[in-house]
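J.: sequence and predicted structure, then a few things I'm wondering about:
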Amino acid sequence: MIAPAPDNGRAHVVRLLLVEDNPGDALLVREMLRGALDEPFELVHVRSLGEAQRELAGGGATCVLLDLSLPDADGVDAVTRTQAAAPDVPIVVLTGRDDERLALSAVQEGAQDYLIKSRVDELLIGRSIRYAIERKRAEVQLSHQALHDPLTGLPNRTLFLDRLELALARSQRRPSAVAVLFLDVDRFKVVNDSLGHGAGDRLLVDVARRLQNVLRPGDTVARFGGDEFTILCDDIDGERDAVQIAERVAETVGAPFMLDNNEAFLTASVGIALTDGKDQRADSLIRDADSAMYRAKERGKSRYELFDSVMRARAVERLEIENALHRALERGEFHLRYQPAVDLDTGAVVGVEALARWQHPVRGLLEPEAFIAAAEETGLIIGLGAWVLEEACRQWHAWEAAGAVVPRMSVNLSARQLAQPDLAEVVARVLADTRTDPGSLSLEITESTVVADEGSAIAALYALKDQGVAIGLDDFGTGYASLSLLKRIPVDVLKVDRSFVAGLGVDPKDAPIVTAVVGLADALRLTVIAEGVETSEQVYALRAMGCRYAQGFYFWPPLPAELVAPLLAGRLKVGDPIA
Ligand code: C2E
Ligand code: MG
Ligand code: MG
């Protein structure tokens, strides 16, 4: 008995397609089948492969009985072409040719069985058809599982890549374009965390169904992972088409969802990458769409962005920077500049901040903005950060040895460094090796550095504090966690972000903010340093607010070590020309 196929309405009737050009043989097969199958069957008989292909294109065939000597196809070629016309339909070869090598190649090409006409009987053909159908069904199911996402039933990453590669190859021969859309559901984690994973799963299934409904039948939508979907639109006219699809997609995700009688609302960020197919690789097209999606997120989510040449240039530059970073440390391409902080009452230098610079072999001198983020992402910041700390402490010791007094050396720490389990040991070792007084070192972190991995970050800060090192909170006021964070971490220094200082005398809201920060620092007995001071008006305003320390181009920019020595020795004062 042949089990009915689960999703085929016509499955109770077995539909056999007999491809046979010899009328006598066809008659014999028909007779044999009558006794061979218990269930009702329909036999469609065609005389050529061309007719068979047309018949298969219409769908509905359960199994093909294929002769290998046809007017328009011969041997293995007949199997290959039948298989291509209907990859999911089993093929039983029924031929007069008793040729073991031919039989083997036919099976390798996808035939389920190879029967020789003169030796076949009712029993054999019935069994062969039944087994062929079952084997094919299992095979189709397995390959479906390997290529689809179990939750949504959508194609997975592997199948998406496969289809994209095919589409790119096809598009070389066409004037049209191929678009990849990368969609990420905004704030999906919040839904998952607040409503539970069951609800999250139901939402994803719903999103998948909606996406399929707004796309053309030939388009592919895949689940790429988590809350990420990718869409492949083949054969489109260009940018306008792609943008319209993005708009449709965003609109359908934006319509309310029903979850246990409650309405839920989602939005999506979509990145679009387009190509005419020439010299474009599937993985790089997906990466471009992904970058564009990130841009959409950065620009406030719930929107789409097109990958453009500027983004491409930036992506290429970023990659180059990352590659060059790997060698920069061992080649000694980094050095430090030191920016003095001054006492506004006396003009004395009260400390210096070490700031990294990279002498890039091709691009010249790079400031941290060009490489710190890349170093963070690649993890190279760990090595770079350790080098900065060591170099700064070595310099501190050199100045001290030369008789200068360096009240405080500030070094910036990144989130990755703070998450390092052995950070406190690394710092202790550097302090000992360079014979630096722990009380002279201040490590600067930003609010977001701590928030990234709060529990262990706080523990790390206390471990540093125990060694006598001071902790500075940098760019204060620009993060998210300012006030409550002050209670939870051991802070000694607050650095007022330069955006507030820049607004003094310009934006009426900035003076009250700086006044409040200074007041807060006083009340908590913290040292407050204003950053980015550039004008005498700002100095005046800061003094009036009771801010005692400042750092900025008005006094000195970050300087090479040899120019800092005379400042520390008191041989240079604020306003004196340097170098
Ligand atoms: P930051 O720690 O807030 O450092 C102060 C930045 O403000 C420095 O930029 C400095 O050159 C700049 N600056 C100082 N005075 C003025 C001024 O009057 N006006 C203006 N517009 N800017 C001023 P820089 O050296 O480019 O460093 C930028 C950021 O890169 C630093 O901000 C810090 O967060 C990070 N950074 C620098 N060196 C390191 C390092 O060794 N490790 C880590 N993790 N981060 C570093
Ligand atoms: Mg800093
Ligand atoms: Mg800062």
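T.: Noted; the coordinates are in hand. Ligands and ions are numbered 1, 2, ... in the order given.
J.: quick one: residues contacting residue 266.
T.: 185-188, 191, 203, 207, 253-254, 257 (Cβ atoms under 8 Å, 6 or more residues apart in numbering). In short, each C-beta sits where N, CA and C put it, glycine included.
J.: over to residue 195?
T.: Counting by Cβ under 8 Å, 6+ apart, residue 195 has contacts 259, 264.
J.: over to the one 4 residues further on?
T.: With contact set as Cβ under 8 Å, 6+ apart, residue 199 has these partners: 191-192, 259-260, 264.
J.: if we go to 7 Å?
T.: Residues counted as contacts of residue 199 (Cβ atoms under 7 Å, 6 or more residues apart in numbering) are 191, 259.
J.: what strand or helix carries it?
T.: Per DSSP states H and E: residue 199 is located in helix 197-214.
J.: just the buried residues of that helix, please?
T.: 199-200, 202-204, 206-208, 210-212, 214 (16 or more other Cβ atoms under 10 Å).
J.: may I see those residues organised as TSV, with distance to residue 367 and pLDDT added?
T.: Formatted as TSV, these follow (distance: Cβ to Cβ, whole Å; pLDDT from 0 to 100):
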residue	distance to residue 367	pLDDT
199	46	90
200	42	92
202	48	94
203	44	93
204	42	96
206	47	96
207	42	96
208	45	97
210	46	97
211	43	97
212	48	96
214	46	95
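J.: and which of those is nearest residue 420?
T.: residue 200 (32.6 Å; Cβ to Cβ).
J.: hmm, residue 192 and that closest one touching each other?
T.: Yes. Residue 200 lies in contact with residue 192 (Cβ atoms under 7 Å); the separation is 3.8 Å.
J.: ok, back up a step: redo the contacts of residue 266 as JSON lines? Include distance to residue 178.
T.: As requested, these are arranged in JSON lines below (distance: Cβ to Cβ, whole Å):
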{"residue": "185", "distance to residue 178": "24"}
{"residue": "186", "distance to residue 178": "26"}
{"residue": "187", "distance to residue 178": "30"}
{"residue": "188", "distance to residue 178": "27"}
{"residue": "191", "distance to residue 178": "32"}
{"residue": "203", "distance to residue 178": "29"}
{"residue": "207", "distance to residue 178": "23"}
{"residue": "253", "distance to residue 178": "22"}
{"residue": "254", "distance to residue 178": "26"}
{"residue": "257", "distance to residue 178": "31"}
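J.: of the residues you listed, buried ones?
T.: Buried, going by 16+ other Cβ under 10 Å: 185-186, 188, 191, 203, 207, 253, 257, out of the contacts of residue 266.
J.: relative to ligand 2, which of those is nearest.
T.: Using Cβ to the ion, residue 186 is the member of these that lies nearest ligand 2, at 32.0 Å.
J.: pLDDT score for that closest one?
T.: In this model, residue 186 is scored at 91, pLDDT.
J.: how close does it sit to residue 302?
T.: To residue 302, residue 186 is 6 Å away according to Cβ to Cβ, to the nearest Å.
J.: give me the pLDDT value at residue 452.
T.: Reported pLDDT for residue 452: 64.
J.: ah, wrong one, I meant residue 578
T.: 51.
J.: quick one: contacts for residue 65?
T.: Here residue 65 is in contact with 16, 18-19, 29, 92, 94 (Cβ under 7 Å, 6+ apart).
J.: Three-state assignment for the nearest residue to residue 568 once chain neighbours are set aside, please.
T.: Setting aside the residues directly before and after it, residue 568 is nearest to residue 404 in space (Cβ to Cβ, 6 or more residues apart in numbering), at 3.8 Å. When classified by DSSP: H, G, I helix; E, B strand; the rest coil, residue 404 comes out as coil.
J.: the one 3 residues further on too?
T.: Look at residue 407: counting by three-state DSSP, its state is coil.
J.: ok, the one 4 residues further on next?
T.: Here residue 411 is recorded as strand under three-state DSSP.
J.: need the contact list for it.
T.: 354, 388-389, 392, 441, 443-444.
J.: just the ones of these in strands?
T.: 354, 441, 443-444 (DSSP state E).
J.: list phi and psi for residue 191.
T.: Taking degrees, to the nearest 10, you get phi -60, psi -50 for the backbone angles of residue 191.
J.: shouldn't it be in contact with residue 200?
T.: Yes. Residue 191 is within contact range of residue 200, at 5.7 Å (criterion: Cβ under 7 Å).
J.: sorry, back to before: okay, and the common contacts of residue 186 and residue 302?
T.: Shared contacts of residue 186 and residue 302, counting by Cβ under 7 Å, 6+ apart, come down to 267, 269.
J.: low-confidence ranges in the stretch 451-579 of the chain?
T.: 452-453, 480-482, 571-579 (pLDDT under 70).
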